Every structure is written in structure tokens, then in C-alpha cells.
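J.: Curious how this folds, go ahead:
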Amino acid sequence: MSRQRALKRKVARQATSVTDIPHIYVEAWGAYESFRKLGFSDDQVQFVHGPTINPVTGQTGDQLQVHVVAQGKRFIYTVGPIDEGFDRGRAIIYELKRRIADREIKDEALEAMWRATQLGSDVDWFAMLSVKLQEKGFILPALTN
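T.: Below is the predicted model of the structure:
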């Protein structure tokens, strides 16, 4: 069995409820869901792990981002630094998406989880996200349908 597959299974066993998901990934899901509420489709929204360099200290690390790729443009929402490492982070995202797709996490729990995030709990943050997307030239599908 590959190391990645074993890690995915381990995460699956460990994550038995929404509260078992590390906060940074809940926030990333909140961004993902916010983009969906603005009308972007699942295939236009991506979770991205990437290296980052602190401009002040020069230290490197991993960060979690959510990208919207649509209408010939890319918008990057940086969620923040991650401590779990690339492989574990990918496994957490994979498991979260699987649990949502398999309906293991019910709609009510997903809505509550979104409302517990920065974008879901603060109308000003959500409005600013909408404004920033429009400043980049995106047409928000939810406003045009």
C-alpha cells in the first residue's frame, strides 16, 4: 500500500466528526463554500497547498490557499500557514471532500461549519470577497442568474 493511501486511511479513521478537522482546513472549506455561494462551480474552485516565504523572517513553510479559476482569470484566497505538512494536508482535504460528497457530513452541519468560519460569520468579509473578485474582473455567477 502506498504511503499516501495509508495516510488517507489514517486520516479517515481519525476524522469522525467536523470538529476533528483542523481549524485551518475548516476555514479553507469556508472559503471554498463562499465561492460556491457566489455561483462558482466545484470544478472552478481548488484547494492549493504551496510553499511560502515569510518576507520579514525569510522562513519557509507551507500555506493553504483556495483558488478560483474561471472566466479566463485566477483569484487566490490565502487561508494561512499549515503545520501538518503537504502529504497530511492533502489527505485532510481529500477526506473532507469525500465526506461531503458521500453525505457523511449533513447539510445542516456544513452550513453550521460555514457559519463558524471568517467568511461565513462576518458579512463584511464576505462582501469584501465579492468586491475583490469584481475588482479582478470576475462576473459573479450568483448575481447574473
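J.: so after the helix or strand bottoming out on mean pLDDT in the chain, what's the next helix or strand?
T.: When the helices and strands of the chain are scored by mean pLDDT, DSSP states H and E, helix 3-14 comes last with a mean of 48. On the C-terminal side of helix 3-14, the nearest following helix or strand under DSSP states H and E is helix 23-37.
J.: Need the contact partners of that following helix.
T.: Identification of contacts with helix 23-37 by C-beta atoms under 8 Å, 6 or more residues apart in numbering yields 18, 21, 42, 44-45, 47, 64, 66, 68, 77, 79-82, 89, 92-93, 96, 110, 113-114, 116-120, 126, 129, 142. C-betas here are computed from N, CA, C, even on glycine.
J.: 7 Å instead?
T.: Under the contact criterion C-beta atoms under 7 Å, 6 or more residues apart in numbering, helix 23-37 has outside partners 45, 47, 64, 66, 68, 77, 79-80, 82, 92-93, 96, 113-114, 116-120, 126, 129, 142.
J.: which parts of that helix are buried?
T.: 24-37 (16 or more other C-beta atoms under 10 Å).
J.: With that, I have no additional questions.
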